[in-house]
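Peer 1: Got a predicted structure plus its sequence, pasted below:
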Number of protein chains: 2
Amino acid sequence: MSKGKRYDLLIVGAGIIGLSSAYHIKKSNPDLSVLIVERHAAPGQGDTAKSVAAIRDTFTSDVNRTLARSSIDFYKHVQSEIGFNLNLELVGYLWLLNRDEVRAYEAIEAQMRAQGMRLKTYERSELTQFTPDLVLDPSSEQGKLMGLKSVERGLQGLDCGTVAPEMIVDYYAGELEKMGVELALGTEVKSIRLGARPSLGIPGEPLLWQDKQIQEVETSQGTLTAETYLIAAGIHASTLLDPIGIDCLIRPRKNEVFQLRGASLDRLLATKGFNEQNTTPFTILPGGRTYFRPVPKERSVWVAFAPGFGQAFKLEEEPSAEESFYTNNIYPILSEYYPCFTNLRPVNMWAGSYDVNSLDGTPVIEKIANCIITTGMSGSGIMKADAVGCVATALFDNEEEATLYGNHKIKTSRLGLANRDVGKEEFVI
Amino acid sequence: MSKGKRYDLLIVGAGIIGLSSAYHIKKSNPDLSVLIVERHAAPGQGDTAKSVAAIRDTFTSDVNRTLARSSIDFYKHVQSEIGFNLNLELVGYLWLLNRDEVRAYEAIEAQMRAQGMRLKTYERSELTQFTPDLVLDPSSEQGKLMGLKSVERGLQGLDCGTVAPEMIVDYYAGELEKMGVELALGTEVKSIRLGARPSLGIPGEPLLWQDKQIQEVETSQGTLTAETYLIAAGIHASTLLDPIGIDCLIRPRKNEVFQLRGASLDRLLATKGFNEQNTTPFTILPGGRTYFRPVPKERSVWVAFAPGFGQAFKLEEEPSAEESFYTNNIYPILSEYYPCFTNLRPVNMWAGSYDVNSLDGTPVIEKIANCIITTGMSGSGIMKADAVGCVATALFDNEEEATLYGNHKIKTSRLGLANRDVGKEEFVI
């Protein structure tokens, strides 16, 4: 980066959202000087790297569905048409539903089918046939004590699966380099300073009655200035925006992921019947919170627990996973439904932070003065990243409607703060 | 309070919201044992005491309007029918509108009139006649530099005015004492501890897969337990609820109030034509952010500035007002439109915190497990307090609909987190 240069656009954060935004804005504005600043030593090393990286199009809110569908289609396009491998595998999402969930999801399933989502259901006998490792009726002493319920049905989203975020990051970063976008690594934005618009040269500016905009950002490598700023800092968005009086609606929450490995998992990794890849899909256990992602290439399974009431909202600079989290919260349920996990201990674990928008679980994409904000991914940022970049581009270009990959359209104000209208998501994990 | 006693209901916070909630819940459940804990030495000494305490029914969202109308009617009832003075004075709200605002508010005004709000408009000549102190066209060098615009019209809300929150507090506190509600003063809740429901006696409970509820609260005076908890802690709600994974949607923001006094204000305080009290109404200057409340009894005027972009969200334990805030941000505008403030310096000033729900500016009232939450007053808590207590009562009584004073009904879920539906408020200050 050139010291003292005033860029047209400065992007805070080279995670998947910052990169996607840079890519689409630069494509739309080829002459723009763009600098991305990133505190890590390489792009995509923050929470992008900590994701379980499962992707799905099964949402009931049209906003979520459109963002996810378009992004997944873009990743498909990159992998199969451009030929840049993203490890995109449509192995499916498999919801194992108990009786209450079958009932609760009946209308939602019908709605999703009507909206064109490809879903497949499995009766108990089929589930047993395909995955002999699955216990449909946990009946041990402990399982009963825990109130674990029988699996009544399986519901698979077919246009869902897994991807390698680091490869999406590589793709965007490579394109950005070709397009001449600059990347300042090891550069942490410490604070944002507002200025008056226009400045009257009065001491203490900006005064409250003045119009304001971002004047500069203070970083670990000095002060940087630009015409427009894009805050794609994930959970750090609120750390930067709270002090300038923008409430971006998010709270930070830790997400811990555990990698399990063992010969007892081999059959699970090589299950036939669910998909072309002949593996168990990304699977959500009854109760809807314990889930796992088979990773056949690693001969391992990643497991995690969807957060909720009882799990603190708290900012941790370097969150770390703890084995006791797995042992206490995940293992008891996992080993009851899938005894093949019995006695396995994590061989690896890591933690990231969700930028949770708990009101609607949908991204917050807004422009206030010369500041574009993209945050609130709430755990579904990878699967929506390309579309989020397109919405940010529409805001940058002052267009009311964003055009996403595949020619999907979305009104930008629906994802904003002032006139937010994202609909109600009924299908959450 | 009785050490070791398990109360039916423990309320955190004896501000106006905690007191109103206690009052209505106890009225609905006379046999309930209720304890209110309050960190200050007396009820109503937190942010309730820091309010400008203006009250209005002029809202476009039916939720806001119903909450405010019902509460104002209740305060009227207490003062005129019960005979307990609350210093309630319906002096009106007077919006001084510039040309842009006249246009922007045209539809809103029509909507509010259609909804039965009593509004009165004033042409420029009437404004000059009633308030000779008002400069309709600020034309000084500085006024021009600041871009101050001419006053084109006045719009007065007639069923609006001011009240004395400390007297509402006294009223509720007196009633609560008669009803046998206990009040533990000087008792600060430090944290909330969750327990499993039911407990299985497993170490580390509550585990994530268990149902949870509040088990006890840790206070400066020891541990307290209850069947149900009500968090009416204003801005401290998020400090208490974030650690247990409840996002109550609020951000803290300082509110500074300045008291001005001087012979030059006498004519403003004794203005004829606007109301029976023969004083200037609570007045909002063009631009919609600088406002003042005449306090004839004190022979003073309180002034403040409505917060927005550029003012930090930040929790301050003991926020204090600074004269420079008045000098830089309020005085330049105030003295241009009302030269009678020229050279006056604050004789007193104080600061409180808003519990800002910036998404919709409407209270958050929700029940999660055995925890009722009432927060997000966003600067309009005094005028909605009685109704908020009634909604909290409906949640306590597991009723879907709350009955407010004056027999107004409101569906409780509309103010909650899970299915929030408060409508869009178009008329904000």
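Peer 2: Good, I have the coordinates.
Peer 1: The residue nearest the centre of chain A and chain B, how far apart?
Peer 2: In chain A, the residue lying closest to the centroid (C-alpha atoms, centre = their mean) is residue A:381, at 2.1 Å. Going from residue A:381 to chain B by C-beta to the nearest C-beta, to the nearest Å gives 18 Å. The way it works is simple: take the backbone N, C-alpha and C, and place the C-beta from them, glycine included.
Peer 1: just checking, that residue touches residue A:16?
Peer 2: Yes: using C-beta atoms under 8 Å, residue A:381 is in contact with residue A:16, at 6.5 Å.
Peer 1: list residues touching both of those two?
Peer 2: Among the neighbours of residue A:381, those also in contact with residue A:16 (C-beta atoms under 8 Å, 6 or more residues apart in numbering or on different chains) are residue A:48.
Peer 1: The residue of the stretch 1-150 of chain A found nearest chain B in helix, strand or coil?
Peer 2: In the stretch 1-150 of chain A, the residue that lies nearest chain B is residue A:145 (5.9 Å; C-beta to the nearest C-beta). Following DSSP: H, G, I helix; E, B strand; the rest coil, residue A:145 is assigned to helix.
Peer 1: What is the neighbour count of it?
Peer 2: Here the count is done by other C-beta atoms under 10 Å in any protein chain shown, and residue A:145 has 12 residues near it.
Peer 1: How about it, nearest residue that isn't a chain neighbour?
Peer 2: Among residues not flanking residue A:145 along the chain, residue B:200 sits closest, at 5.9 Å (C-beta to C-beta, 6 or more residues apart in numbering or on different chains).
Peer 1: tell me the contacts of the one you found?
Peer 2: Going by C-beta under 8 Å, 6+ apart, residue B:200 touches A:145-146, B:210.
Peer 1: burial measure for residue A:142, as a count.
Peer 2: Residue A:142 is flanked by 15 other residues according to other C-beta under 10 Å.
Peer 1: List phi and psi for it.
Peer 2: With angles defined as degrees, to the nearest 10, residue A:142 sits at phi -70, psi -40.
Peer 1: OK, contacts around the residue nearest to the centre of chain A?
Peer 2: Counted by C-beta under 8 Å, 6+ apart, residue A:381 has contacts A:15-17, A:47-48, A:51, A:234, A:355, A:363, A:388.
Peer 1: Figure out the length between the terminal residues of stretch A:137-153.
Peer 2: Counting by C-alpha to C-alpha, to the nearest Å, you get 12 Å between the two ends of stretch A:137-153.
Peer 1: quick one, helices of the stretch 151-300 of chain A?
Peer 2: A:165-179, A:236-241, A:266-269 (DSSP state H, counting those that start in this stretch).
Peer 1: For the second one, name the packing helices and strands.
Peer 2: Think helix A:236-241. strand A:189-196, strand A:222-231, strand A:371-375 (3 or more C-beta pairs under 8 Å, 6 or more residues apart in numbering or on different chains; DSSP states H and E).
Peer 1: To chain B, which of those strands lies closest?
Peer 2: Set against chain B and scored by C-beta to the nearest C-beta, those come closest in strand A:189-196, at 5.7 Å.
Peer 1: Okay, now the sheet partners of the closest one, with direction.
Peer 2: strand A:212-219 (antiparallel) (DSSP bridges).
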